[in-house]
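Undergrad: could you look at this predicted model? Sequence included:
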Amino acid sequence: MSGLAYLDASCLAAIALQEPSVPQLRRRLMTFDEIVAHPLVEAEVMSACAREAVPVPDLELQSVTWLPSAGSVRPFVMRVLRAGYLRGADAFHLAVALGLDADPGKLTFLTLDTKQRAVAKALGFRT
């Protein structure tokens with residue numbers, strides 16, 4: 001097992017929209033001891049499904065630990081944006097992940113978004 005991973009909406013959207021990368025992604029997800037995500041992920045996946053006019057599938061999210069909202073993420077967002085520009089939700093997810101451990105190198109940040117992945121690497125996350 002590979003420890004802890006933060007799951008970005010891009011991964012769940014790929015599963016919901018049945019993209020070609022899903023089998024590989026599912027295998028990778030099974031390698032982690034724990035997968036965490038912020039509830040904003042659900043809203044983003046539901047929005048992607050609405051945009052593509054497909055029903056929201058049951059994504060088998062019982063293995064995801066949902067993180068509570070813990071107030072302002074401002075200092076973490078500022079740190080993310082110093083590493084590289086991202087749109088709001090992408091920066092938010094990295095900020096939440098930064099708040100999980102003082103050493104981002106202890107955490108894998110799972111995303112299919114190449115720009116977000118580059119910023120995650122710049123911040124020190126495993127990807």
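TA: Done, it's in.
Undergrad: C-alpha from now on. contacts and neighbour counts both.
TA: Noted.
Undergrad: which residues in the protein form strands?
TA: Along the chain, the stretches classed as strands by DSSP state E are 4-7, 34-37, 64-66, 107-110.
Undergrad: and the last one, what other elements does it pack with?
TA: Under the contact definition 3 or more C-alpha pairs under 8 Å, 6 or more residues apart in numbering; DSSP states H and E, strand 107-110 sits against strand 4-7, helix 114-123.
Undergrad: does residue 120 touch residue 94 like I think?
TA: Yes - shown here, residue 120 and residue 94 form a contact pair, counting by C-alpha atoms under 8 Å, at 6.9 Å.
Undergrad: okay, and the common contacts of these two?
TA: Among the neighbours of residue 120, those also in contact with residue 94 (C-alpha atoms under 8 Å, 6 or more residues apart in numbering) are residue 109.
Undergrad: winner for burial among the helices and strands packed on strand 107-110?
TA: By mean neighbour count, with neighbours taken as mean count of other C-alpha atoms under 10 Å, strand 4-7 ranks first of the helices and strands packed on strand 107-110 at a mean of 22.
Undergrad: quick check: mean pLDDT of that strand?
TA: Per-residue pLDDT values across strand 4-7 average out to 94.
Undergrad: output the contacting helices and strands for it.
TA: Contacts defined by 3+ C-alpha pairs under 8 Å, 6+ apart place strand 4-7 against strand 34-37, strand 107-110.
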